[in-house]
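Peer 1: Provide a 3D model corresponding to the input given below.
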Amino acid sequence: MSRTMVALDFSKKEDVMNFLDKFDKPIYVKVGMELTYAFGFEMIREIKARGHKIFLDLKLHDIPNTVKNGMKNLAKLDVDVVNLHAAGGSAMMKAAMEGLNEGAVNGKRPLCIAVTQLTSTSQEAMNEELLIPGDVKDVVISYAKLAKESGLDGVVCSVHEARAIHEACGADFLTVTPGIRLSSDSKDDQKRVATPQFAKEEGCDYIVVGRSITKSEDPYKTYNEIEAIMEGK
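Peer 2: Model prediction:
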C-alpha cells in the first residue's frame, strides 16, 4: 500500500486529471481546499471512481455539533482520510468521530487525523503570534496525546516530531507528515521540512509530497523513487 500521498495542488480540474493519467495504477492523493472549493465534491467522486485513495484535507475547526454534522457528510463521500485541527479541543474531536461513524459507508468510516501545528508555523510565530508558550515539539506531542485520547487515528505533524509521537502514543497511532521535499527542491513556504529518506528513518507512516512530484519532468518515475525509499527498497 502506498505510503506517499501526492498533494494535488492544481488550480484547474483538467490539470488534475491530466496528471492522474500519467499513472497506470491507483495512488494515494491529497485533495485540499483549493480544489474542493473550486470544483466541489463531484471531483472527489471522479477521482475515487478511478480507484485512487483520497486524503481529504479540509482541516475542520468549529463548534462540536457543526464538526459532527460536517464529518457525517464527508464520510458519505467514501474518502479514506479526513482531518481537523487538534486546537479545536477534545469535545470537538469526539464529536467528529461520532459524525464519521454515523455517516460511514457500508460500516467503514474514513480515518481521522488531527493537525497539530502547521509545517509553515515557526517556533517564533507559535510563541509570539499565536501566544502558545513552549517548544513546538512539546506542543505537537501534547496535541497528539489529546487526539489519541479523543479517539482519533493519528495526527498531521512534521517529520521532526514523528518519532516522539510514536513513543508517546504508540506505534499504531498514525503520523502523516507534509513538508517533504527532495534535497534538490526549494522549501517554498514550508518551515519544518525534510527529505523522504529522513522521513523513513524517523518512522513516518505516510508522507505528503506535492511539488517534488507534480512539478517533476517525470512524475511517475519520481513517485516510484520516493515510494521505494519509504518501503526501504
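Peer 1: make it CA atoms for all contacts and neighbour counts henceforth
Peer 2: Will do.
Peer 1: contacting residues around the longest helix that the chain contains?
Peer 2: Secondary structure of the chain per DSSP state H: the longest helix is helix 33-49. Applying C-alpha atoms under 8 Å, 6 or more residues apart in numbering, the external contacts of helix 33-49 come out as 9-13, 54, 57-58, 77, 79.
Peer 1: out of those, who has the most neighbours?
Peer 2: Of all the contacts of helix 33-49, residue 54 has the most neighbours under the rule other C-alpha atoms under 10 Å, reaching 24 neighbours.
Peer 1: any idea which helix or strand comes after the helix or strand where that one lies?
Peer 2: Assigned by DSSP states H and E, residue 54 belongs to strand 53-60. The helix or strand immediately downstream of strand 53-60 is helix 64-75, counting by DSSP H and E.
Peer 1: can you state the direction angle for the following helix or strand past that following helix and strand 53-60?
Peer 2: Once helix 64-75 ends, the next helix or strand along the chain (criterion: DSSP H and E) is strand 81-85. Comparing the axes of strand 81-85 and strand 53-60 via axes from the mean of the first three to the mean of the last three C-alpha atoms, to 10 degrees yields an angle of 20 degrees.
Peer 1: Restricting to C-alpha, output strand 81-85 in PDB.
Peer 2: Listed next in PDB are the C-alpha coordinates belonging to strand 81-85 (Å, rounded to 0.1, in the frame of the first residue of the first chain):
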ATOM      1  CA  VAL A  81      -8.800  10.100   5.400                       C
ATOM      2  CA  VAL A  82     -10.200  13.300   6.800                       C
ATOM      3  CA  ASN A  83      -8.800  15.800   9.200                       C
ATOM      4  CA  LEU A  84      -9.400  18.600  11.700                       C
ATOM      5  CA  HIS A  85      -7.500  20.900  13.900                       C
END
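Peer 1: So in that sheet, which strands flank that strand, and in what orientation?
Peer 2: Using DSSP bridges, the strands paired with strand 81-85 are strand 53-60 (parallel), strand 111-115 (parallel).
Peer 1: tilt between it and helix 64-75?
Peer 2: Put simply, strand 81-85 runs at 160 degrees to helix 64-75, going by the same axes, to 10 degrees.
Peer 1: elements contacting the very next helix or strand once past strand 81-85?
Peer 2: Counting by DSSP H and E, the next helix or strand C-terminal to strand 81-85 is helix 90-103. Counting contacts by 3 or more C-alpha pairs under 8 Å, 6 or more residues apart in numbering; DSSP states H and E, helix 90-103 is packed against helix 64-75, helix 136-149.
Peer 1: same thing but 7 Å
Peer 2: Other helices and strands packing on helix 90-103, by 3 or more C-alpha pairs under 7 Å, 6 or more residues apart in numbering; DSSP states H and E, are helix 64-75.
Peer 1: Give me the residues contacting the helix it packs on.
Peer 2: For helix 64-75, the external contacting residues (C-alpha atoms under 7 Å, 6 or more residues apart in numbering) are 60-61, 91-92, 95-96, 98-100, 102-104, 109-110.
Peer 1: Counting neighbours, which of those residues comes out on top?
Peer 2: When neighbours are counted by other C-alpha under 10 Å, residue 96 leads the contacts of helix 64-75 with 29 neighbours.
Peer 1: So that one versus residue 3, what's the distance?
Peer 2: The gap separating residue 96 from residue 3 is 25 Å, by C-alpha to C-alpha, to the nearest Å.
Peer 1: what's the nearest residue to residue 151 if we skip its chain neighbours?
Peer 2: Excluding the flanking residues, the one nearest residue 151 by C-alpha to C-alpha, 6 or more residues apart in numbering is residue 94, at 6.6 Å.
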